[in-house]
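> coords below, sequence missing:
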């Protein structure tokens, strides 16, 4: 509905509801005013310098009006100049201003007239609320008698809700200013809209209660998932620990390969569980490090070999070709990149209906480390390629979720990597992933030759102590285990230990106090804490711990922390570890 439709229907007294003060009109008022001026009408702009300093230049820019073309169509009225004497405003004088300006414009041949002004706290203080109501009733009468538009902009923050509702109830047209759009209603339309919204209120409240119940249920599920993730983590820690111990034993290559797959899969399982726990706790910290591109590809391929063997036996032989020419490391979360690679490899296998060839290539090009996964499968049409990375898009029907490649793309984008697809129907597909090659800042720590170190393990659970003993033995470090507080202090006072290590339990306040006591009494002995999640460790615990490892850490991870700590306290020049 435009200005002429509103005027023809007798909607002459407009209220503009705004939450802030400003001279610039909303888009509806600006558009309709320009329409009136273009058709030979006029605008009376009433302002007060008591609130904002007025300038015609600002007005011209804000209202987008060309003064060269309007020839007296716009009149400006300053309240202070016209009616303020002895700090008083006479209501009759205000009405006289309206009458005089309207009469002047009509004498000059203008019929379509808009009068625009703003109401803020200043008017309420001068007239009082009842006086303002009476003034508006008179102004409305002026609009009707002269068949002109009078638009009053209200600064809603300056009025009490009850008073404000009484004021705007006098108007015929309501213009609601929003941050993104403008709504225009007549009195009847506003009533209808309010009635419909009121009738929906009960439905909305009921839906809101349902949503709250869902949130409570999800909260319970989240707490359950966090506990479940913790229990699974403990199981996976055992698998990680014993599989890495097995890998360091003298066993057949084939069995060692099996253990290697178990070890990597368990590590990925731990990564998944850690992310569930982090999400439940509201944290999202991802562990990243430098990893050889070829190792990531081979690790992903190893995890898919069982699927390749099964497919080769049932559908036809799958030939694997490896062209791993990259010499680069990339900075990444190895679990996430293996997840991406495994997803693409399995999709490639699924695309080959019978026998086929899977080609895995790596190379370095223009400061990029590149992976290519190429298959001789059924390929893709252009319409499939266009939607390939969209969520829930799948060509596998009920067997697929359509999330695998969408998640893969997000992971790669998070690693500042690019993924492209080349494919033709019936001619196979090629996925090309490009990673940036970053500068490596590797803190190489010299190893200690020919010196035997001893560590004291403070632990009362045999299974945890045994895994730590095994790991330290692989580092050629002797260990003793003790958990009685008096015995721990006795041993540290009378025997030589190069390291102390213990598992951290956040609810064991007594244990934490004991750790602090040890650190205070023996500050020169490096103290390592084994924690559930290294990324959510409380800051004040670094006052106790010189080093931190996760409870399911690998030999390499433990070795790195041990080397760093011993390097900081040992004065020998030649330092190394006997790690086979």
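Received it, and whenever you're ready, just let me know what you need. Just so it is clear, the model here is predicted, and its values are computed rather than measured. Numbers count the residues shown, from 1 in each chain.
> alpha carbons only for contacts and neighbour counts from here, please
OK.
> dump the residue contacts of the nearest residue to residue 551 once chain neighbours are set aside.
Excluding the flanking residues, the one nearest residue 551 by CA to CA, 6 or more residues apart in numbering is residue 530, at 5.0 Å. Counting by CA atoms under 8 Å, 6 or more residues apart in numbering, residue 530 touches 501, 502, 503, 504, 548, 549, 550, 551.
> go on, residue 28?
Residue 28 touches residue 182, counting by CA under 8 Å, 6+ apart.
> tell me which element it falls in.
Here residue 28, judged by DSSP states H and E, is contained in helix 27-38.
> Next secondary structure after that helix?
As the chain continues past helix 27-38, the following element, by DSSP H and E, is strand 42-47.
> what angle sits between the very next helix or strand once past that following strand and helix 27-38?
Using DSSP H and E, the helix or strand that follows strand 42-47 in sequence is helix 56-63. Taking axes from the mean of the first three to the mean of the last three CA atoms, to 10 degrees, one finds helix 56-63 and helix 27-38 inclined to each other by 110 degrees.
> Could you tell me the angle between helix 56-63 and strand 42-47?
Angle of helix 56-63 versus strand 42-47, following the same axes, to 10 degrees, is 120 degrees.
> re the thing from before, would you mind giving me the ChimeraX syntax to select the buried ones in the contacts of residue 530?
Buried subset of those, written as a ChimeraX selection, criterion 16 or more other CA atoms under 10 Å:
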select :501,502,503,504,548,549,550,551
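> Same list (the contacts of residue 530) but as JSON lines, adding secondary structure, distance to residue 484 and pLDDT.
As requested, the contacts of residue 530 are arranged in JSON lines below (DSSP: H, G, I helix; E, B strand; the rest coil; distance: CA to CA, whole Å; pLDDT from 0 to 100):
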{"residue": "501", "secondary structure": "strand", "distance to residue 484": "14", "pLDDT": "92"}
{"residue": "502", "secondary structure": "strand", "distance to residue 484": "13", "pLDDT": "89"}
{"residue": "503", "secondary structure": "strand", "distance to residue 484": "14", "pLDDT": "85"}
{"residue": "504", "secondary structure": "coil", "distance to residue 484": "16", "pLDDT": "82"}
{"residue": "548", "secondary structure": "strand", "distance to residue 484": "22", "pLDDT": "87"}
{"residue": "549", "secondary structure": "strand", "distance to residue 484": "23", "pLDDT": "86"}
{"residue": "550", "secondary structure": "strand", "distance to residue 484": "23", "pLDDT": "81"}
{"residue": "551", "secondary structure": "coil", "distance to residue 484": "21", "pLDDT": "78"}
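> returning to what we had before: who's the residue nearest to residue 551 bridged to?
For residue 530, the beta-bridge partners are residue 503, residue 549 (DSSP bridges).
> And for residue 15?
Beta-bridge partners for residue 15, by DSSP bridges, are residue 152, residue 174.
> measure it to residue 151 for me?
Distance of residue 15 to residue 151, given as CA to CA, to the nearest Å: 6 Å.
> And residue 498, by the same measure?
Per CA to CA, residue 498 is found 84 Å from residue 151.
> try residue 497
Taking CA to CA, one finds residue 497 at 86 Å from residue 151.
> now do residue 385
Counting by CA to CA, the gap between residue 385 and residue 151 amounts to 56 Å.
> if you count what's nearby, which of the two comes out ahead?
A side-by-side neighbour count of residue 385 and residue 151, using other CA atoms under 10 Å, places residue 151 first with 22 against 16.
> If we ignore the residues flanking it in sequence, what's nearest that one?
Nearest to residue 151 is residue 14, by CA to CA, 6+ apart, at 4.5 Å.
> next one: residue 118
Using CA to CA, 6+ apart and skipping the chain neighbours, the partner closest in space to residue 118 is residue 153 (4.5 Å).
> wouldn't the one you found be in contact with residue 25 here?
No. Using CA atoms under 8 Å, residue 153 is not in contact with residue 25, being 9.3 Å away.
> mean confidence for whatever helix or strand residue 467 lives in?
Element membership of residue 467, judged by DSSP H and E, is helix 462-474. Taken as a whole, helix 462-474 has an average pLDDT of 76.
> contacts for that helix?
Here helix 462-474 makes contact (CA under 8 Å, 6+ apart) with 241, 242, 245, 457, 459, 478, 479, 481, 555, 558, 579, 580.
> Just the buried residues of the residues you listed.
Using 16+ other CA under 10 Å as the burial test, the contacts of helix 462-474 include 241, 242, 245, 457, 459, 478, 479, 481, 555, 558 as buried.
> can you pull the buried residues of stretch 171-186?
171, 172, 173, 174, 175, 176, 177, 184, 185, 186.
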